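Participant: Fold the following and give me the result.
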Amino acid sequence: MKYSLLLLCLLTFVSVSLAQEGEFEQWKIKRTAELTGEDGWLNLVGLIWMEAHSPYLEEVNASSLGFAEKSGSATLGKFYFGKDSVWFEPTELALQKKSNSPQSKRMLVYPIPYGSGGVYFKNWKWSIIQRGGKYALRLRDLNHPNLKNFTPTPTFDYNSTYRFAAKLEPKFNQRIEIPNVLGQLITWKVVGVLQFEREGQKFELLVLDELGKLFVIFSDGTSALQTYPTGRYLYVNPPDAKGMTTLDFNYAYNPPCAYTEFATCPIPPKSNRLPIEILAGEKIPEGHE
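Facilitator: Next up is the predicted model:
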């Protein structure tokens with residue numbers, strides 16, 4: 001009876017481990033699909049800051065777009081700036097979608113859900129972001145050579161010892177300013193603090209609100225050695241009624257800046273710079289300098 005119970009426990013452990021590893025493998029496949037997708041980070045070719053006095057978007061040459069104060073023969077459309085919004089009115093040259101029908105109506109281009117919109121012209125697609133109170137046009141080349149040459153991001157093997165039970169201590173009506181790689185201060189809503197233990201040592205991580213999801217920006221002892229220098233990101237599942245959730249560092253992933261110079265990645269707040277090594281999740285991408 002005793003040995004049967006031990007065998008049952010062992011089989012259960014093996015079954016759970018295999019399930020976790022299977023989910024992890026699927027996550028890696030999904031990550032590659034996200035990076036190489038139309039709204040991924042590999043096809044970015046520009047981040048062009050916008051000014052209200054130059055609202056006309058035009059084709060500068062075969063490899064770039066730019067802004068002008070007046071409309072011309074190469075104008076793709078005009079931007080209209082509201083208090084908290086940006087609208088775009090395309091000319092017959094630009095298409096809102098990949099179709100043969102030109103879009104003549106003015107359309108909202110900011111704010112819109114990530115990946116839900118964009119304007120197309122030839123092999124380009126662009127969308128609008130806001131950082132530090134300024135708007136910028138994020139330009140993509142849908143035929144970018146990076147898409148064909150991409151090697152899936154290396155990761156540590158799945159390690160269940162980096163999967164922790166964590167308690168979320170909620171924070172209400174709190175915000176924090178976090179700098180990004182451009183030096184801009186971005187205001188984030190604070191959700192709370194995650195508390196977890198590793199080998200008897202207690203740690204805390206500040207949790208932010210990222211489009212309604214629990215989001216952690218952190219660095220650790222592997223940063224700049226095995227993992228991306230400025231840290232990694234991690235989503236966390238909502239807590240249960242007792243405030244408990246799972247903090248699984250195996251799903252820590254690289255910021256967009258690991259793949260492109262045209263991203264505006266936030267860096268970890270001081271409270272989230274862990275003094276230990278997290279040997280889990282994504283490593284530095286191949287070819288990153």
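Participant: is it true that Asp105 touches Gly77?
Facilitator: If you look again at residue 105, you'll see it is Lys, not Asp. No. Using Cβ atoms under 8 Å, Lys105 is not in contact with Gly77, being 11.1 Å away. Any C-beta I mention is one placed from the backbone N, CA and C, and that applies to glycine too.
Participant: what touches both of these two?
Facilitator: Common contacts of Lys105 and Gly77, defined by Cβ atoms under 8 Å, 6 or more residues apart in numbering, comprise Glu89.
Participant: Between the two, which has more neighbouring residues?
Facilitator: It is Gly77, of Lys105 and Gly77, that has more neighbours when counted by other Cβ atoms under 10 Å, with 25 against 8.
Participant: what sits against that one?
Facilitator: 56-57, 88-91, 93-94, 119.
Participant: for Tyr110, same thing?
Facilitator: Tyr110 makes contact with 85-86, 127-130, 135, according to Cβ under 8 Å, 6+ apart.
Participant: For the residues you listed, pick the one with the most neighbours.
Facilitator: Neighbour counts for those, by other Cβ under 10 Å, peak at Ile128, which reaches 22 neighbours.
Participant: wait, that one sits on Leu139?
Facilitator: No. Here Ile128 does not reach Leu139: they are 10.7 Å apart, not a contact under Cβ under 8 Å.
Participant: Find the nearest non-adjacent residue to Ile284, please.
Facilitator: Computed as Cβ to Cβ, 6 or more residues apart in numbering, the closest residue to Ile284 that is not its neighbour in sequence is Tyr228, at 5.7 Å.
Participant: what about the one you found, how many neighbours?
Facilitator: 26.
Participant: now swap in Phe156 and tell me
Facilitator: Counted with other Cβ under 10 Å, Phe156 comes out at 18.
Participant: Same check on Asp39?
Facilitator: Each residue near Asp39 was counted by other Cβ under 10 Å, and the total is 15.
Participant: so which strand or helix has it?
Facilitator: In the assignment (DSSP states H and E), Asp39 maps to no helix and no strand.
Participant: pLDDT score for it?
Facilitator: Per-residue confidence at Asp39 stands at 94 (pLDDT).
Participant: Likewise for Gln20?
Facilitator: Listed pLDDT for Gln20 reads 89.
Participant: Give me the ChimeraX select line for the contacts of Gly77, limited to the buried ones.
Facilitator: A single ChimeraX command is used to select the members of the contacts of Gly77 judged buried by 16 or more other Cβ atoms under 10 Å:
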select :56,57,88,90,91,93,94,119
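Participant: For the contacts of Gly77, point out the one with the lowest pLDDT.
Facilitator: Lowest in pLDDT among these is Ala94, which has 76.
Participant: helices or strands up against the host helix or strand of Leu65?
Facilitator: Leu65 belongs to strand 64-68 when assigned by DSSP H and E. For strand 64-68, the elements it packs on are strand 44-49, strand 56-61, judged by 3 or more Cβ pairs under 8 Å, 6 or more residues apart in numbering; DSSP states H and E.
Participant: Would you pull up how far that strand lies from the middle of the chain?
Facilitator: The chain centroid and the centroid of strand 64-68 are separated by 26 Å, computed with Cα atoms, centre = their mean, to the nearest Å.
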